[in-house]
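[1] Please find the sequence and the predicted model below.
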Amino acid sequence: MNLIIDIGNNSTKYYIFSGNSIVLHGRRANDSLSFAKEYITQYAIDKVIISSVVETSDKELRVLDDICPKVVYFSSSTPTPLKIEYRTPHTLGTDRIAALIGALSQSPGKNILVIDAGSAITIDFADASGTFKGGNISPGIRMRLNALHSFTSRLPMIEKEGDTPALGYDTATAIRSGVVRGVCHELEGYINEIRAKYPDVFVFLTGGDEKILINNIKSSIFADKFLVAKGLNVILENIDWEKDGNKL
């Protein structure tokens, strides 16, 4: 049994895998990893991987070392099945790497485009040889709604869930449609640009806003909200513990 801990900008997500299957998952505030001790004991966890996109102290990360002998702290130095062609690999978000590996594990030998729609939207491409060629980062839906409210004097803060007509019929729908449909047109542009060069590319959509976007994107895509977790599990299963375990 494996425990996957994914620390994001706004919360910590955890997953328990038995082989390739998720048997439990949940979400907690970014306060402490101590909660995981109960799961390690209850589910007889053999291995743990921790991935974080926020600054987390070594002391906090090592809170599980005393009860689980096999813990890996995912970083740019952790070996993965993905070859990285990025000028600053140490700045590449571990969630972006994991999402691509999760996609490649489901479509090996294929060109892959992964869209992760969370606090920020990342668009990343790996070719059929399993090489990460690069990607882009864009503001997420909530961030765009916040910006319209914060940087104007009269536009209200609008919830991202709700009606998104082609043309807004009031201020709320004008803002929501402008943001949500704007994101969809943006992503369609990326997909079309990549498909012009790689017609057989497989497009995966994941992240917290996956449900909002999936029905508004016309291109053929695969939605998988567990893509990052699946990728982290693949990485964990391929760790050489004598060389790469328990490293920060």
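    Here it is on my side, so go on.
[2] Whichever helix in the chain runs longest packs against which elements?
    Longest helix in the chain, counting residues (DSSP state H): helix 171-197. Packed against helix 171-197 by the contact rule (3 or more C-beta pairs under 8 Å, 6 or more residues apart in numbering; DSSP states H and E) you find strand 112-117, strand 120-126, strand 131-139, helix 141-150, helix 210-214. All C-beta atoms are positioned from the backbone trio N, CA, C, and that covers glycine.
[3] Tell me which of the ones you listed is the most buried.
    strand 112-117 (a mean of 27; mean count of other C-beta atoms under 10 Å).
[4] how big is the angle separating that one from strand 120-126?
    Calculated by axes from the mean of the first three to the mean of the last three C-alpha atoms, to 10 degrees, strand 112-117 forms an angle of 170 degrees with strand 120-126.
[5] what sits up against strand 112-117?
    95-96, 99-100, 103-104, 121-127, 140-141, 183, 187, 190-191, 194, 201-210, 212-213, 221, 227-228 (C-beta atoms under 8 Å, 6 or more residues apart in numbering).
[6] Can you classify residue 27 by secondary structure?
    strand (DSSP: H, G, I helix; E, B strand; the rest coil).
[7] Isn't it up against residue 13?
    Yes - the pair residue 27 and residue 13 qualifies as a contact (C-beta atoms under 8 Å) at a distance of 5.2 Å.
[8] between the two, which one's more packed in?
    Between residue 27 and residue 13, residue 13 has the larger neighbour count (other C-beta atoms under 10 Å), namely 18 against 12.
[9] which residue sits closest to that one, ignoring its sequence neighbours?
    Among residues not flanking residue 13 along the chain, residue 6 sits closest, at 4.6 Å (C-beta to C-beta, 6 or more residues apart in numbering).
[10] Could you do residue 109 as well?
    Among residues not flanking residue 109 along the chain, residue 128 sits closest, at 5.6 Å (C-beta to C-beta, 6+ apart).
[11] Report the contact partners of the one you found.
    When contacts are counted by C-beta under 8 Å, 6+ apart, residue 128 touches 109-111.
[12] Just the buried ones from these?
    Listed as buried from those are 110-111; burial here means 16 or more other C-beta atoms under 10 Å.
[13] can you put the contacts of residue 128 in CSV and add distance to residue 177 and pLDDT?
    Shown next, in CSV, are the contacts of residue 128 (distance: C-beta to C-beta, whole Å; pLDDT from 0 to 100):
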residue, distance to residue 177, pLDDT
109, 39, 94
110, 34, 96
111, 32, 97
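[14] Tell me which residues are up against stretch 221-228.
    6, 15, 22, 25, 51, 95, 98-99, 102-103, 106, 114-116, 191, 202-207, 210, 214, 230.
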